[in-house]
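Asks: please work out how this folds:
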Amino acid sequence: MTKFILYLTEKGYIPDFLIKKAAIFLSNRRLTESDIGKNKENIINILSDGKVAEKTIDANDQHYEVPPEFFRQVLGKRLKYSCSLFNDEIGLDEAEIKMLDLYIERANISNDQEILDLGCGWGSFSLYAAEKFPDSKITSVSNSHDQINFIKSESKKKNLKNINAIKMDVNNLNLDREFDRIVSIEMFEHLRNYKSILSSLRSLLTDNGKLFIHIFCNKEFAYLYEVRHDLDWMTKYFFLGGIMPSKDIFNYFSDDLVVIRQWDVNGSHYSKTSKGWLDNHYKNKKEIIKIFRNHYDDPIAWFNRWRIFFLTCEVFFGMKEGDEYFVSHYLLEKAKSK
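Replies: As a prediction, this is how the structure comes out:
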């Protein structure tokens, strides 16, 4: 029965309001599972051992090697594939810029800095920072060919000489300089060894350097995204190898870098971001299906899978008025004891 319902959903026969109800039910069920609280200690142990990132090829296939033309159809003008910052008077394009400006403020970005954008996506932060701070040097790192090529192309169009875009696996970071600021936006959710990556990032910071992190998280619980049954649809198609961090996750990994400031961004902002993506997805349906015909075997199913993904995120981050799942920002510096 479950497989049949999923089949109907992926063919577009299940209306949005029913998908939203299902998303709420599944999210609440996840939070009430008897072992989720007990699992936190186990999650901390997992994040202290093994590879920095698993399923990197799957992550690329699911998100980051999808044609940039698709993301041009659904994201805002800055191609920010992460939470934006809204108020009642602005749309997605302006909300992208508001969040980028907030990063600059909270990370204390300024001219004449060496800046690493780790897990740079489509370059929303890298390109914006390069424009605002022409005397700073931006190193953009992604594991995706498409993303790096896109950033190089945009840099050339904008005549930006201060961006160096590099394809590199986070499991094997090999950079030949130290940085005044490292910025990581929604990348830690794909990682499985926080102890190792934070140790590596410490070695890349100058003595007074800072690491700024933006993650989505749960207010209390941490859990892995794993395919346990047919209802783990989100994991199977969009987040294989990922993790839902808890708000306090970095407090467990303070040997190398310590949190000196932490801020929360209410989940309603991510809910509105996802709604903006969904609206664009519907508005540009014909063009998106045309793009998908050259990328996926079943373009209709994948149009609806992305539709379900955006719908689910809209509901997910709107739970309990945005106080259950939300975004947290952290500013970290080198631990004094090392």
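Asks: ok, which stretches of the stretch 101-250 of the chain are strands?
Replies: Taking DSSP state E, counting those that start in this stretch as the criterion, the stretch 101-250 of the chain carries its strands at 114-118, 137-142, 163-167, 179-185, 205-218, 223-224, 243-244.
Asks: how about Arg177, what does it touch?
Replies: Taking Cβ atoms under 8 Å, 6 or more residues apart in numbering, we find Arg177 in contact with 114, 139, 204. From N, CA and C alone the C-beta is placed, and that goes for glycine too.
Asks: next structured bit after the lowest-mean-pLDDT helix or strand in the chain?
Replies: For the chain, using mean pLDDT, DSSP states H and E, the weakest element among its helices and strands is helix 56-59, scoring a mean of 50. Once the chain leaves helix 56-59, the next helix or strand it forms, by DSSP states H and E, is helix 68-74.
Asks: show me what that following helix packs onto, helices and strands only.
Replies: Here helix 68-74 touches helix 145-157, helix 268-283, helix 285-293, going by 3 or more Cβ pairs under 8 Å, 6 or more residues apart in numbering; DSSP states H and E.
Asks: can you list the neighbours in contact with the shortest one?
Replies: With contact meaning Cβ under 8 Å, 6+ apart, helix 285-293 is reached by 67, 69-70, 73-74, 281, 299-300, 302-303, 306.
Asks: identify the farthest-apart pair in these.
Replies: By the measure Cβ to Cβ, Glu69 and Ile300 form the most distant pair in these, at 17.7 Å.
Asks: tell me how far stretch 111-122 is from the chain's mean position?
Replies: Stretch 111-122 has its C-alpha centroid displaced from the chain centroid by 15 Å (Cα atoms, centre = their mean, to the nearest Å).
Asks: point out where the chain drops to low pLDDT.
Replies: In the prediction, the chain carries residues with pLDDT under 70 at positions 1-2, 4-5, 7, 33-38, 53-65, 227-233, 337-338.
Asks: what residue is smack in the middle of it?
Replies: Geometric centre of the chain, nearest residue: Glu186, 3.0 Å, by Cα atoms, centre = their mean.
Asks: measure it to Asn28 for me?
Replies: 24 Å (Cβ to Cβ, to the nearest Å).
Asks: with Ala95 instead?
Replies: Going from Ala95 to Asn28 by Cβ to Cβ gives 28 Å.
Asks: excluding its backbone neighbours, what's nearest the residue nearest to the centre of the chain?
Replies: For Glu186, ignoring the flanking residues on the chain, the nearest one in space by Cβ to Cβ, 6 or more residues apart in numbering is Ser82 at 4.3 Å.
Asks: neighbours of the one you found, how many?
Replies: Using other Cβ atoms under 10 Å, the number of residues around Ser82 comes to 20.
Asks: one more: Ala130?
Replies: The local packing of Ala130 (other Cβ under 10 Å) involves 24 other residues.
Asks: dump the residue contacts of it.
Replies: If you count contacts by Cβ under 8 Å, 6+ apart, Ala130 has them with 136, 138, 155, 158, 160, 162-163.
Asks: which members of the residues you listed are classed as buried?
Replies: 136, 138, 155, 160, 162-163 (16 or more other Cβ atoms under 10 Å).
Asks: farthest-apart pair in those, please.
Replies: Largest pairwise distance in these, by Cβ to Cβ, is 13.8 Å, between Ser136 and Ser155.
Asks: now the angle between helix 268-283 and the strand or helix carrying Ile19, please.
Replies: Following DSSP H and E, the helix or strand that holds Ile19 is helix 16-32. With axes from the mean of the first three to the mean of the last three Cα atoms, to 10 degrees as the criterion, the two stretches helix 16-32 and helix 268-283 enclose an angle of 150 degrees.
Asks: against which helices or strands is helix 16-32 packed?
Replies: Looks like helix 16-32 contacts helix 299-316 (3+ Cβ pairs under 8 Å, 6+ apart).
Asks: next one: the helix or strand following the helix it packs on to chain centre, how far?
Replies: Counting by DSSP H and E, the next helix or strand C-terminal to helix 299-316 is strand 325-334. Averaged C-alpha coordinates place strand 325-334 at 13 Å from its chain's average position (Cα atoms, centre = their mean).
Asks: for strand 325-334, output the C-alpha coordinates as PDB.
Replies: C-alpha atoms of strand 325-334 as PDB (Å, rounded to 0.1, in the frame of the first residue of the first chain):
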ATOM      1  CA  TYR A 325      13.400  22.800  13.500                       C
ATOM      2  CA  PHE A 326      15.200  26.000  12.600                       C
ATOM      3  CA  VAL A 327      18.600  27.500  11.500                       C
ATOM      4  CA  SER A 328      21.500  28.200  13.900                       C
ATOM      5  CA  HIS A 329      24.500  30.300  13.300                       C
ATOM      6  CA  TYR A 330      27.800  29.800  15.200                       C
ATOM      7  CA  LEU A 331      31.100  31.800  15.400                       C
ATOM      8  CA  LEU A 332      34.000  29.700  16.500                       C
ATOM      9  CA  GLU A 333      37.600  30.400  17.300                       C
ATOM     10  CA  LYS A 334      40.700  28.300  18.200                       C
END
